[in-house]
Every structure is written in structure tokens, then in C-alpha cells.
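Colleague: fold the following and give me the result.
(chains A, B and C)
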Amino acid sequence: MSEDVTTQSNPVLVHGCPSETRFGQLVVHAARTNHLDVCRALYEDGYQMCVDLTAVDHLVHAQRSLPAGVTAERFEVVVNLLSLQHKRRVRVRTQVAEGETVASLFDFYPATEAMEREVYDMFGIRFDGHPDLTRILMPEDWEGHPLRKDYAQGRIPVQFKGAAS
Amino acid sequence: MSVLRDIADEGLGGMRHNFLTGRIEDLVKWSRSRSSWGATFGLACCAIEMMGTGAPHYDIARFGMEVFRASPRQADIMIVAGRVSQKMAPVLRQVYDQMMEPKWVISMGVCASSGGMFNNYAIVQGVDQIVPVDVYAPGCPPTPETLIHAIETLHQLIEDGEIMRRRAATGAGADVHIQEVPAGLTVPVVLQGR
Amino acid sequence: MTTIEPRIVSAGTSEGAQELQPRSIVGHKELMRESGAVLRMSEADAAALADIASDPDEDQTMIINMGPQHPSTHGVLRLMLELQGETVLRCKPIIGYLHTGMEKTGESLTFMQGGTNVTRMDYLSPLNNELVFSMATEKLLGIDGDIPERAVWMRMLLSELNRMSSHLLFMATNGMDLGAVSMMLYGWREREQVLRFFQKVTGLRMNHNFIRPGGLAADLPAGWRDDVLHLLEEIPPRLEEYEVLMTGQPIWRERLQGVGVITQDEAVALAATGPILRSTGIAWDLRKDMPYLRYDDVEFDVVVGVHGDAYDRYAIRLQEIRESMHIVRQILDRMPAGNYRIQNKKVTPPPRGRIDESMEALIHHFKIFTEGFKVPEGEVYVAIESPRGEIGCYIASDGSSTPYRMHVRAPSFVNVQCLPHMMRGGLVADAVAVISSIDPVLGEVDR
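Modeller: Now for the predicted structure:
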């Protein structure tokens, strides 16, 4: 399926947020302030299952293509929702700057409890209203957030030309 | 041995004398090697192959090891099967410390031996950073034949007493590296040890 | 005699705030969650749970720790349970003991190498992991409609055989966890047959790295039909044996029926997928509802339970082995001839023989294996049905030859969240049955 590029300059609004269709998948770009409202509206539309919640650190990829009206920030919180009745998926991408917090979706999507903790552990994004925002994958006394782009992979040096340094 | 020949010829009644002599040390080592019980330390994919080794087709019960004791107090060999993460490392050490002497460690798979393909922040680069290892078994995961080979190497070392002598001197593991045995092939393997 | 210097290794195993804390210091919301209150319960149900939260006599309850090293063969899952006598009041799973940094590693491996990384996440169905990663990469490349028919059908064959081997391992470990130790031996006996077929086709028993972007790494070997037919003949009578050994047996039923019950609303709220969701009665299977590969071309049934308990999940998986065999039989009959990978020089390496003949082939081979092929910028989420539920791969690419962000939505990571709910009010002895019925694979929980 090819990307629908025409939506980029004049995006269709879904619950007041610009959206686009890429590879046949509907993507809604929410702002940090209405992340919770958009997700709740989609929940009421029938997207009853929150399949996945993750984040991307765009520190070295600031020049990605976004529809008009969306300002790029360092982090993007990506929520994948699924409607069992209509057999459809939608993806919500919310731009979050360093140090800002996002509303937690726990109240109507309890499945996001572990997912948001993982995002906090790996990226350092805090979620307001989450019942227990602690690390989940790393030990409790770990410092740093491993999936950030400024966190090194932590390799020990090996004598191998092809190895990434 | 003439005792065995007598028995082969005439059955148990053919035994001219009914006691065997040997050094206690030898008998103890022989029985230790034939009845070592493993501590379950299956972590990841290697654990599945370890279970496969205990399964009927490969069957380590014939080497006396079908019993995997969950309690480290009752186990002799700790087979570290899988990648050891930073969070798991102190747990590994605690379980190792609870085992009673004599105890041995087999590092199964490349992740346990050296960190494997995961050279990053999350994986301990070789379980020998935490516990002294006696035998390293390569493979990702090692086939059951490789694991059996590693276990038998260890059993041979226990029976020979090599391993206890070394341990008494330095307190370290035997540090024996073996070659991987591909499944379905029987190839003689050269051992490198001290 | 030399004195041995003791090596002091700090063995602190406490995980602080991640553990189950005493009632007095846990927040109200987290307390509800640990007690298994899924927040869309009715007011009355929530109120009924609330009185447990204000139990004044904390001496009556005991917080115990199960794991991360324990005899249940599900890997390094640590469970903290608060018990009153033998009854489980609260449960908190603590994970991360197998965290391997695979998503970080994935950012430094090319798309061709990505399969080796992803395949070790859910190590019981490695081909499904590779499949979802390859499908996501192909979607980004724009070649997902051009994969040759034979490659698609081969992928289906391997995926279904992998489902069979994973469910057979579930039978084995489920039996052993509940005390039917001989089931462990029987389950492995069948699984070995499937693994031997995989070794013949892919070269490895596990972690194959065989399904790659563009198709597969090699064609099926000669004689594969006979091997698969042999499997299809051997396994059904053995499944009948398992029915006799377990399904109708009173002890098995007593131990599994009514244990670990979850309702439809709760399963959807907790995003449980796979056999857990189907055991509640919702017939959701991505192979039927959002078909991929050629699943809309083959006939099979989606197995659904009624009560949402552990017995239903066991029965669903047993029946799914039969459904997979039915699909494999259809694939056997309909496997088309053709290429096992797309003939796109930029994506798939040339045949080895061509490298000697053509300079262009040599250069393509070199470039694909050293630099990797570049994938256009974009992001995509693709999901398939693994034996544990919905496994999804989210790749964000920045136009280079390595993924910018590679995330795998692991079904077990989300399914483990059902544990507090299923265990609440049950006995400690049922805790093992519940964990086993969820069938978590810690490799994909922790990644």
C-alpha cells in the first residue's frame, strides 16, 4: 500500500487532531495536552483495546515528515488501539518534549500499566495519574534511561572491524 | 578386571571373593560423577534445549542427571542456561552461594559463556564474572548433544579428581572449553584443558 | 597451603519500589490493581474489594516471594504474593530478570540481521517473531504485495508448525506444573519431531533466522512433503493419548476448572489476546479477523472457550494443535512452485553461483551483507497471531539501513498483567496453574 501523501498538507481532522494514512494505517497526531481526550474519544468510538504503548526518541531524527500543525518534539509517545467490532486499528502519536509529562491512559485502558512503566524506564517520560510509576525492566537503582539516543549501547570493546563502536 | 571376568563366566556365584577394594577417594569421586544433580537455572532459550536434553530422546537420565533440583541446597551442578541480565546477576550469585560444596558450574550457551550476541548494557558478559565456571558449552543454543558432551566432560573431570585439585589450589573453576557438537553427527572432539 | 582471598560479591536482590509493599504505604489505585480490580468493574464489585484494603490486622497476612528462580519452567518471573493463610489476596509480578536490551541492539543491526535479534524474544515460536519483523520491514520497503506465492505459503507452513511445537511445549510444561510429570516426557517426544523437521529445513532446531525480509533464506529441501506427512500421521493419535491422560481425568479437571477465571470485559480491558481472550468467548484470532499471508485462503476454525478458566485455555491450545495440522494439510496440497524470495536485487542477495559470474551480483551481495539495504523513512505497525496472542512489530525508519526504533509488542508482556486478577481469591497451589495457563515466555516479556 503506498503512502497517501496528499493528507500531509491538508490533514483530515480526527477528534480535532491532524491525521494521515500511511501504508494503509490511520495515524492521529495528538498534542500533549489533549492526548488523554483523544484517546478517550477513540475509546468511545469503539477502539476498546489498547494493544501497545511505546515511545520513540527523535533526538537525531528531528527532520521527520509530519502533517501541518504538528510541532516536532524530542519524544513521541505512540499508542496503538484496536477495535474488535470494526476490525480496525488506529495509531495515536503524541509529541512530548524533554522533561514534560503526559497523562496516563490507565483509567480507561488498564493494560497500559506495564506499558507506561516500560516507557518511563526506557525513556524517562513520566505519566501523570499512573498508579505505580517505577522501573520495570531495569534494576531499581539503575541510572539512566537505556533507549534514549544519548545513552550508549554499553558494548565492551571487541577486536572486530565490523563492530559498531 | 578379573572380578568382572569371573562374573561374566559364571554369574554372581563365580565371584571368588565378595569385597572390592579401592581408595575411598576413588569411590567417592566415581559416585559423585555418576549421580550429580543439576540445579535448575534455566533462563532463556538454552533452558528449552536443556529441557530437551532431559526429554526422552536425548535423555540425561542415563548419566544420572534426570533429577533437576529446584532447591540449590540439594544440587551439585548449576547449569547456567541462558543470558544473565544485570537484574538477575545478584540472584545467580545468591543461588550459587547456597549450593553445598562440592559444586560445579556449566556455562551453557554463548550468552552465559561470554555475553553471546548481546554485547550491551543489559547482559553480563559471561557468567564467569559472577561465579567460577568449570565447563563452557558453546552454541546458540547448544544442541542437546553439545550439552551432554559438556556434562560428560565435567563428569570425567570429577571422576579423575582434576577438578578438586585445581579448586583447592586457586578456588577457581576448571575453565575447560569444549567444541560444539552439531546435531546428528558424531565427531571426535579435542578437549583443551589444563 | 595458600590462603584463598574471599571474593566479596554483593548479592543484593531487593528491587525496592518494584516489589510488593505493605498495605500501609501502597497507593489506593495500585492496591486495587494488585488485588486484581480491573477498573471497569461495577461499583458494587469495587466496594466489595475495598474492605480488603482496609484490613487493620496486617499481621494476619504474609508477603511471600516466588522466583525468579523456581521450578516452574516458565523462566525468570518473580511473583510477590500477599497471602492470608493459603488464599492469595494481592499479587505483583516483577519482571526484567531477562531484559536483554534487544530493542537497543536492534537499532544497531541492519534489517537483514534484525531477524537474529528478534527471533530470540519469544524463543518458543521464533519463526513468528521473524515473520512479524520481516512483514514490518517489507511494508516499509513497499514490497509486501510482491512477495512470491511460494514464499508466502512456506511462511505459513513454518508458522503453523511453530504454533504446533509451541503448544506441544505448553502441554508438556502445563502437565508438569500440575504434577503430571510424564506429560513433560510425552510433549517433548512430539516436539522433537517438529524440531527435527525445522532442522532439516532451516539448519537449526531453535532461533532459526530463516524468515527474512523479502522471503526466506532458502527453499524447502527435497523430501519435505514426506516429512510433513509423517508428522501429520504421528501426532493425532498422540493427541488422543493426551485426551485420555488429561482432558477427561477428574484430577486434571478439579485442578483447572474454575481456576484463573477472567471475563470478557476484563480480558479486553487488560488487552489480553490469544488463548486467554478466546477462552472468555470472544472469537478474536488475527488469522481470521485481520488475515495476513494467505490465511483467508485456507479453512480452519477459531477455537473458543466459554468459562475463561485455565481448563478452557488448555483445551483451546490442544484443539489449536489440531487446527494447525488441518491448515498444514491444506498447505501441503496447495504449495505452489516458484521463488522462495522476492527477486529484487536491492533486498535479497543473489544466488551464490551468480557471484562468481557477475560483478553486479558480487557488489549487491557485498552491499547487502555489509551495509544493508536502505529502508525508506516511515513508521509502521504490523501484527500477527503468535501462539501466545497478538505479536506486533513497530518499526520507525529514518531512511538508513538500520531501524531507527524497533519495538516488538510482545503478547506475554501484556498477558502477565492478567495475573493479579486471575490469582485473587485463589489458593497458592492454584498460582502455578494460573501462570502455566497464561503460558508466558519471559524472553518476550523482558526483551
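
Colleague: quick one: residues contacting B:Met99.
Modeller: B:39, B:72-73, B:75-76, B:78 (Cβ atoms under 8 Å, 6 or more residues apart in numbering or on different chains). Quick note: C-beta positions are derived from backbone N, CA and C, even for glycine.

Colleague: intersect the residues you listed with the contacts of chain C.
Modeller: Among the contacts of B:Met99, no residue is within reach of chain C (Cβ under 8 Å from any Cβ of the partner chain).

Colleague: show me which of these are buried.
Modeller: Neighbour-count burial (16 or more other Cβ atoms under 10 Å in any protein chain shown) applied to these gives B:39, B:72, B:75-76, B:78.

Colleague: so what does the residue of chain B found nearest chain A look like in phi/psi?
Modeller: Proximity to chain A, evaluated over chain B using Cβ to the nearest Cβ, is greatest for B:Tyr121 at 3.0 Å. Phi and psi for B:Tyr121, reported as degrees, to the nearest 10, are phi -70, psi -20.

Colleague: so what's it up against?
Modeller: Neighbouring residues of B:Tyr121 by Cβ under 8 Å, 6+ apart: A:146, A:151-154, B:86, C:101, C:104.

Colleague: for chain B, see how far away A:Asp150 is.
Modeller: Applying Cβ to the nearest Cβ, to the nearest Å, the value for A:Asp150 to chain B is 13 Å.

Colleague: pretty sure that residue contacts A:Arg74?
Modeller: No. The criterion here is Cβ atoms under 8 Å, and A:Asp150 misses it with A:Arg74 at 10.2 Å.

Colleague: ranges for the helices of chain A?
Modeller: For chain A, helices defined by DSSP state H occupy the ranges A:35-45, A:112-123.

Colleague: can I get the ones you listed in JSON lines with distance to chain B, mean neighbour count and mean pLDDT?
Modeller: Output for those, formatted as JSON lines (distance: least, Cβ to the nearest Cβ, whole Å; neighbours: other Cβ atoms under 10 Å in any protein chain shown; pLDDT from 0 to 100):
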{"stretch": "helix A:35-45", "distance to chain B": "29", "mean neighbour count": "18", "mean pLDDT": "89"}
{"stretch": "helix A:112-123", "distance to chain B": "11", "mean neighbour count": "24", "mean pLDDT": "92"}
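
Colleague: so which of these is nearest chain C?
Modeller: Closest among the helices of chain A, using Cβ to the nearest Cβ: helix A:112-123, at 5.3 Å.

Colleague: tilt between that closest one and helix A:35-45?
Modeller: With axes from the mean of the first three to the mean of the last three Cα atoms, to 10 degrees as the basis, helix A:112-123 and helix A:35-45 are set at 150 degrees to each other.

Colleague: so which elements touch helix A:112-123?
Modeller: Secondary-structure packing of helix A:112-123 (3 or more Cβ pairs under 8 Å, 6 or more residues apart in numbering or on different chains; DSSP states H and E): strand A:49-57, strand A:126-128, helix C:411-415.

Colleague: pick the most deeply packed of these.
Modeller: helix C:411-415 (a mean of 28; mean count of other Cβ atoms under 10 Å in any protein chain shown).

Colleague: which other helices and strands does it contact?
Modeller: helix A:112-123, strand C:389-397, helix C:442-446.

Colleague: again, only this time at 10 Å
Modeller: Under the contact criterion of 3 or more Cβ pairs under 10 Å, 6 or more residues apart in numbering or on different chains; DSSP states H and E, helix C:411-415 touches strand A:49-57, helix A:112-123, helix C:275-279, strand C:378-386, strand C:389-397, helix C:428-438, helix C:442-446.

Colleague: circling back: per-residue confidence at the residue of chain B closest to chain A?
Modeller: B:Tyr121 is assigned a predicted lDDT (pLDDT) of 87.

Colleague: ok, now C:Gly12?
Modeller: 62.

Colleague: what of C:Arg78?
Modeller: C:Arg78 carries a pLDDT value of 89.

Colleague: what count of nearby residues applies to it?
Modeller: 23 (other Cβ atoms under 10 Å in any protein chain shown).

Colleague: next up, phi/psi of it, please.
Modeller: Per degrees, to the nearest 10, the backbone of C:Arg78 is at phi -110, psi 130.

Colleague: ok, it to C:Ser14 distance?
Modeller: 11 Å (Cβ to Cβ, to the nearest Å).

Colleague: could you do B:Val133 as well?
Modeller: 26 Å.

Colleague: circling back to that earlier point, hmm, which two among the contacts of B:Tyr121 are most spread apart?
Modeller: Farthest pair in these (Cβ to Cβ) is A:Ala152 and B:Gln86. Separation: 14.9 Å.

Colleague: and the two? which has more neighbours close in?
Modeller: Neighbour count, other Cβ under 10 Å: between A:Ala152 and B:Gln86, B:Gln86 has more, with 19 against 13.

Colleague: got phi/psi on the more buried one?
Modeller: According to degrees, to the nearest 10, B:Gln86 has phi -60, psi -40.

Colleague: surely it touches A:Glu143?
Modeller: No. Counting by Cβ atoms under 10 Å, B:Gln86 does not reach A:Glu143; the two are 11.9 Å apart.

Colleague: got the residues of chain B near chain A?
Modeller: Selection of chain B residues close to chain A by Cβ under 10 Å from any Cβ of the partner chain yields B:85-90, B:114-115, B:118-123, B:125-126.

Colleague: nearest residue to whichever residue of chain A sits closest to chain B in space, please, no chain neighbours.
Modeller: Using Cβ to the nearest Cβ, A:Gly154 is the residue of chain A that sits closest to chain B, at 3.0 Å. Distance criterion Cβ to Cβ, 6 or more residues apart in numbering or on different chains; nearest residue to A:Gly154, sequence neighbours excluded, is B:Tyr121 at 3.0 Å.

Colleague: higher neighbour count, B:Val133 and C:Ser14?
Modeller: Legend: neighbour count by other Cβ under 10 Å for B:Val133 and C:Ser14, higher for B:Val133 (24 against 10).

Colleague: how about the closest residue to A:Lys149 other than its chain neighbours, phi and psi?
Modeller: Residue nearest to A:Lys149 in three dimensions, not counting chain neighbours: A:Leu59, with 4.1 Å by Cβ to Cβ, 6+ apart. For A:Leu59, the backbone dihedrals (degrees, to the nearest 10) come out as phi -50, psi -40.

Colleague: distance of A:Leu59 relative to A:His145?
Modeller: Distance of A:Leu59 to A:His145, computed by Cβ to Cβ: 12 Å.

Colleague: show me what counts as buried in stretch C:328-345.
Modeller: Buried residues in stretch C:328-345, counted by 16+ other Cβ under 10 Å: C:328, C:330-331, C:335, C:339-342, C:345.

Colleague: distance check, the residue nearest to A:Gly154 against A:Arg88.
Modeller: With distances taken as Cβ to Cβ, B:Tyr121 is found 38 Å from A:Arg88.

Colleague: hmm, B:Asp97 is touching C:Thr13, no?
Modeller: No. B:Asp97 is beyond contact range of C:Thr13, at 11.4 Å (criterion: Cβ under 10 Å).

Colleague: which one's more surrounded, these two?
Modeller: Using other Cβ under 10 Å as the criterion, B:Asp97 and C:Thr13 rank with C:Thr13 on top: 18 against 12.

Colleague: check contacts around the residue nearest to C:Ala383 when sequence neighbours are not counted.
Modeller: By the measure of Cβ to Cβ, 6+ apart, the closest residue to C:Ala383 outside its immediate chain neighbours is C:Gly392, 3.7 Å from it. C:Gly392 makes contact with A:51-52, A:54, A:80, A:82, A:89, C:132, C:136, C:273, C:286, C:381-384, C:386, C:407-411, according to Cβ atoms under 10 Å, 6 or more residues apart in numbering or on different chains.
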